[in-house]
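Peer 1: Next one to model:
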Amino acid sequence: MSAAEGPLVVGVDTSTQSTKALVVDVATGKVVASGQAPHTVSSGAGRESDPRQWWDALREALHQCGDAAREAAAVSVAGQQHGLVTLDAQGAPVRPALLWNDVRSAPQASRLLEELGGPKAWAERTGSVPGPSITVTKWAWLAEHEPESVRATTSVRLPHDYLTELLTGQGTTDRGDASGTGWWASGTEAYDEEVLRHVGLDPALLPRVVRPGEVVGTVRDVAGLPFAKGTLVAPGTGDNAAAALGLGLRPGTAVLSLGTSGTVYAVSTRRPADPTGTVAGFADARGDWLPLACTLNCTLAVDRVAALLGIDREAVEPGTSVTLLPYLDGERTPALPHASGLLHGLRHDTTKGQLLQAAYDGAVHSLLGALDLVLDEDADRSAPLLLIGGGARGRAWQETVRRLSGRAVQVPEAKELVALGAAAQAAGVLTGEDPAAVARRWNTAHGPVLEAGERDEAALARIAGVISDAAPLLEREADQR
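Peer 2: Modelled structure (predicted):
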């Protein structure tokens, strides 16, 4: 037995680029072993991965965990949301999975909006207004462009569903991940038969939506897995819902996640339905809701500006009136899909460090605008913001968020929060505890707090003014430039 106080569980994060596995002590939250293996993603117009790579990566990550994985009593898989996995009668992939960031289904998203009542009706029906990331639009794209693939498909899964089914032999999903498909009705918490009928998807092809805390099965005797017979399998969930579990979030606590894209979210007891489409009305993995907004340009865009300037990403300088909107990939919040980066207010004495700080300011301005839409009216806006993701430990990111929000900022020390959330869910099915309470017992949100300062209203107003004044440029189609 490993040097652990309680039983062990495994939490898995199958993300876009890799699969990570953590073996965690239920009693203390200590990570006693870990492993990671990469995936490949296609380049070009589409973003696709072979799901079989995820399974190979999971087995390799578990192998790296050694004896600790063999001692685990329960496992849960969290994964990238929205991906479309199509399987044949033998359970093999019909084609590579269409990933969340494959935007080829934008025309189908627009058509579905028009054909089924418009944005308000969709928000009321499914909690979200479908864009090209949402799974139902990918199915519509596949039906239009590859009808032979649709005919060969006998089951449809999300990425985390696929791995859970290989573990158990059972086709299941959870409400958190199902809420990102566009064919799950948030009001009734059931598959929406009208949407499915409209896109020609037989509900018999879909997995059963299990209850939070339900044991979905036990690990089968599958070659290459270290688990003992009888190891319990939890429902799993989508990556954002898993990170919320990993932080032990209570309603109203705001999270800013700084990655390639930025996300802001909070647990809510109220079902979201934003007709503007800015806020995705996701369910969480416990029975509450996880309103979430996303910006397309975050750490990668700012790092690109630093690279163009030839300086380190931390080499920011204060005292600038220059505005830089780092909308290098268009932008989702604010809704400017055709925008590109924009620089305004450049002077002879503007320094490289000031330009870089302006890029940080532009990215954080978008995140804070999204945050205002995510939080309930009665949320405590004086509480610290939880800052997570790849950029969270960057001093420039921390200080920019603190200055532009006027709020204290807390940076959790725990890493791999998605896998930790999956581990907390596995612990929950093992012990009967609320997984968020498990994570709070593990003290996963612990970390340094940067005290609140005066909010930089002048910078916020300047950036908002530039966005407003430059609207004709930012909204212009690419082929008109």
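
Peer 1: all helices in the stretch 201-350 of the chain, in order from the N-terminus.
Peer 2: 239-247, 299-309 (DSSP state H, counting those that start in this stretch).

Peer 1: does residue 144 really touch residue 105, like I thought?
Peer 2: No: using C-beta atoms under 8 Å as the test, residue 144 is too far from residue 105 to be in contact (9.1 Å). From N, CA and C alone the C-beta is placed, and that goes for glycine too.

Peer 1: higher neighbour count, these two?
Peer 2: Neighbours were counted for residue 144 and for residue 105 using other C-beta atoms under 10 Å; residue 105 has more, 28 against 13.

Peer 1: Just list the residues touching that one, thanks.
Peer 2: With contacts defined as C-beta atoms under 8 Å, 6 or more residues apart in numbering, the neighbours of residue 105 are 98, 132, 137-138, 140-141.

Peer 1: can we see that at 6 Å?
Peer 2: 132, 137-138, 141 (C-beta atoms under 6 Å, 6 or more residues apart in numbering).

Peer 1: for the chain, longest helix please?
Peer 2: helix 352-374 (DSSP state H).

Peer 1: The helix or strand just after that helix pairs with which strands?
Peer 2: With elements assigned by DSSP states H and E, the helix or strand that comes after helix 352-374 is strand 385-388. In the sheet, strand 385-388 lines up against strand 255-258 (parallel), strand 409-410 (parallel) (DSSP bridges).

Peer 1: closest one to residue 390 among the ones you listed?
Peer 2: In terms of C-beta to C-beta, the element of the strands paired with strand 385-388 nearest to residue 390 is strand 255-258, at 6.4 Å.

Peer 1: what does that closest one contact?
Peer 2: Contact with strand 255-258 is made by 263-265, 298-299, 367, 385-389, 391-392, 397, as judged by C-beta under 6 Å, 6+ apart.

Peer 1: same thing with stretch 431-438?
Peer 2: Contact with stretch 431-438 is made by 245, 248, 424-425, 427-428, as judged by C-beta under 6 Å, 6+ apart.

Peer 1: average pLDDT for it?
Peer 2: What stretch 431-438 shows for mean pLDDT is 96.

Peer 1: Same question for stretch 111-122.
Peer 2: On average, the pLDDT along stretch 111-122 is 96.

Peer 1: With stretch 316-331 instead?
Peer 2: Stretch 316-331 carries an average pLDDT of 91.

Peer 1: try stretch 263-277
Peer 2: Regarding stretch 263-277, the rounded mean pLDDT is 92.

Peer 1: and the end-to-end length of it?
Peer 2: In stretch 263-277, first residue to last residue: 14 Å (C-alpha to C-alpha, to the nearest Å).

Peer 1: how about it: buried residues?
Peer 2: Residues 263-268, 272-274, 277 are the ones in stretch 263-277 that count as buried (16 or more other C-beta atoms under 10 Å).

Peer 1: if we take those, which one ends up nearest to residue 194?
Peer 2: Nearest to residue 194 among the buried residues of stretch 263-277: residue 273, at 16.8 Å, using C-beta to C-beta.

Peer 1: I figured that closest one was touching residue 125, is that so?
Peer 2: No: using C-beta atoms under 6 Å, residue 273 makes no contact with residue 125, being 8.6 Å away.

Peer 1: rewinding a little: kindly reformat the contacts of stretch 431-438 as a markdown table containing pLDDT, distance to residue 158 and neighbour count.
Peer 2: Formatted as a markdown table, these follow (pLDDT from 0 to 100; distance: C-beta to C-beta, whole Å; neighbours: other C-beta atoms under 10 Å):
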| residue | pLDDT | distance to residue 158 | neighbour count |
| --- | --- | --- | --- |
| 245 | 96 | 17 | 33 |
| 248 | 96 | 24 | 23 |
| 424 | 98 | 20 | 34 |
| 425 | 98 | 16 | 35 |
| 427 | 98 | 23 | 31 |
| 428 | 97 | 20 | 27 |
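
Peer 1: re earlier: okay if I get the contacts of residue 105 as TSV plus pLDDT?
Peer 2: Shown next, in TSV, are the contacts of residue 105 (pLDDT from 0 to 100):
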residue	pLDDT
132	88
137	96
138	97
141	97
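
Peer 1: Make a markdown table from the residues you listed and add neighbour count to it.
Peer 2: Converted to a markdown table, the contacts of residue 105 look like this (neighbours: other C-beta atoms under 10 Å):
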| residue | neighbour count |
| --- | --- |
| 132 | 21 |
| 137 | 30 |
| 138 | 27 |
| 141 | 22 |
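
Peer 1: in this protein, which residue is closest to the centre?
Peer 2: Geometric centre of the chain, nearest residue: residue 240, 4.2 Å, by C-alpha atoms, centre = their mean.

Peer 1: For residue 441, see how far away that residue is.
Peer 2: Noted for residue 240: a distance of 22 Å to residue 441, by C-beta to C-beta, to the nearest Å.

Peer 1: what's the answer for residue 407, then?
Peer 2: Relative to residue 441, residue 407 is positioned 26 Å away (C-beta to C-beta).

Peer 1: same check, this time on residue 409
Peer 2: For residue 409, the distance to residue 441 - C-beta to C-beta - is 24 Å.

Peer 1: Could you tell me the model confidence score at the residue of the chain most remote from its centre?
Peer 2: For the chain, the C-alpha farthest from the mean C-alpha position belongs to residue 348; by C-alpha atoms, centre = their mean, that distance is 41.1 Å. Looking at residue 348, its pLDDT is 94.

Peer 1: got a list of what the residue nearest to residue 396 when sequence neighbours are not counted touches?
Peer 2: Take residue 396 and drop its neighbours on the chain: the residue closest to it by C-beta to C-beta, 6 or more residues apart in numbering is residue 316, 4.9 Å away. Listed by C-beta under 6 Å, 6+ apart, the contact set of residue 316 reads 353, 356-357, 396.

Peer 1: swap in residue 148?
Peer 2: By C-beta under 6 Å, 6+ apart, the contact list for residue 148 is empty.

Peer 1: what helix or strand is it on?
Peer 2: Secondary structure from DSSP H and E places residue 148 in helix 147-152.
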